[in-house]
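# kindly return the folded structure for what I paste below:
(2 chains)
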Number of protein chains: 2
Amino acid sequence: MSGRVDEIRVQLDQINLQILELLNERARYVQEIGETKQKQGTMKFDPERENDMLQKIVLHNDGPFDDQTIQHLFKQIFQASLTLIEDNHNKGLLI
Amino acid sequence: MSGRVDEIRVQLDQINLQILELLNERARYVQEIGETKQKQGTMKFDPERENDMLQKIVLHNDGPFDDQTIQHLFKQIFQASLTLIEDNHNKGLLI
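Down below sits the predicted model:
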C-alpha cells in the first residue's frame, strides 16, 4: 500500500474517534432532554423537531455525501438516541 | 418547553453540524483512497481494514451508546462511503 493511503488511514482513524466523541456527547444531551421531559410528563419523541434538525443539517451539506445519504445517516443517529432514552426510561420503571 | 431543553437543542444543532463536517471530511479522504486504489488496480473494499477501524473505535467507546450501537452507526457510515466511491468509479466508466 502506498504511503499516501497509509497517511489517509491515520486521518480516518482520527476522524472516526472525533465522530465517536461527538456521537456520545450528543447522546448525553439527548439523555438529559429525555430525563427533563420525563419529569415534565411530556412526550419524548418529537417528529417535528427531528425534521427541523434534518433541514438545518441538509442546508449546510456541501458534500461529497448527497443530502439523501446524510439524512439516512442522521436518522440512524436519531433512532439510536431514541432507543437509548427509551431503554433508560424502561430501566427506571424497573427500579 | 423549559429553558434548559432549549439550550440543549442549540447544543444538539451545533453537534449535528460538527458531525456533518466530519462525515464529509471523512468521505473526501475515502474518495482519495478510492482513486489511488483505482489507479493501482487494487481492490477497493477491505473488510479487514473495516474490522480494524471498528475495533479501534469500540476500544475508545465510553458510552452512553453501547458498543453494538456504535458499531451499527459506523457500519452505516462505512457503507455510505463505499457507495460513494463505487458511484464515482461507475461515473468514471461512463466518461
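# let's check: the centremost residue of chain A is which one?
The centroid of chain A falls nearest to A:I77 when counting by Cα atoms, centre = their mean (3.6 Å).
# please see if the top helix by length along chain A touches chain B.
Counting by DSSP state H, the longest helix found in chain A is helix A:3-40. Yes - counting by Cβ under 8 Å from any Cβ of the partner chain, chain B has neighbours in helix A:3-40: A:4-5, A:8-9, A:11-13, A:15-20, A:22-33, A:36-37, A:40. C-betas here are computed from N, CA, C, even on glycine.
# just the buried members of those residues?
Neighbour counting by 16 or more other Cβ atoms under 10 Å in any protein chain shown classes A:8-9, A:12, A:15-16, A:18-20, A:22-27, A:29-33, A:37 among these as buried.
# low-confidence ranges in chain A?
A:1-2, A:43-44, A:89, A:91-95 (pLDDT under 70).
# number of nearby residues for the closest residue to A:D67 other than its chain neighbours?
Counting by Cβ to Cβ, 6 or more residues apart in numbering or on different chains, A:D67 lies nearest to A:V58, which is 4.7 Å off, once chain neighbours are set aside. When neighbours are counted by other Cβ atoms under 10 Å in any protein chain shown, A:V58 registers 15.
# who are the neighbours in contact with A:V58?
Neighbouring residues of A:V58 by Cβ atoms under 8 Å, 6 or more residues apart in numbering or on different chains: A:D67, A:I70, A:Q71.
# tell me the one of those nearest A:E48?
For the contacts of A:V58, the residue nearest A:E48 by Cβ to Cβ is A:Q71; the value is 15.7 Å.
# just give me the neighbour total for that closest one.
Neighbour number of A:Q71 under other Cβ under 10 Å is 16.
# sort out for me which of the contacts of A:V58 are in helices.
A:D67, A:I70, A:Q71.
# where's the last one relative to chain B, distance?
A:Q71 sits 11 Å away from chain B, taking Cβ to the nearest Cβ, to the nearest Å as the criterion.
# sorry, back to before: output the contacting helices and strands for the longest helix of chain A.
helix A:67-94, helix B:3-40, helix B:47-59, helix B:67-94 (3 or more Cβ pairs under 8 Å, 6 or more residues apart in numbering or on different chains; DSSP states H and E).
# can I get those helices in JSON lines including distance to A:F45?
JSON lines is the format used below for the helices and strands packed on helix A:3-40 (distance: least, Cβ to Cβ, whole Å):
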{"stretch": "helix A:67-94", "distance to A:F45": "6"}
{"stretch": "helix B:3-40", "distance to A:F45": "14"}
{"stretch": "helix B:47-59", "distance to A:F45": "27"}
{"stretch": "helix B:67-94", "distance to A:F45": "17"}
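# for these, which one sits closest to A:M53?
helix B:3-40 (6.0 Å).
# cool, thanks, signing off.
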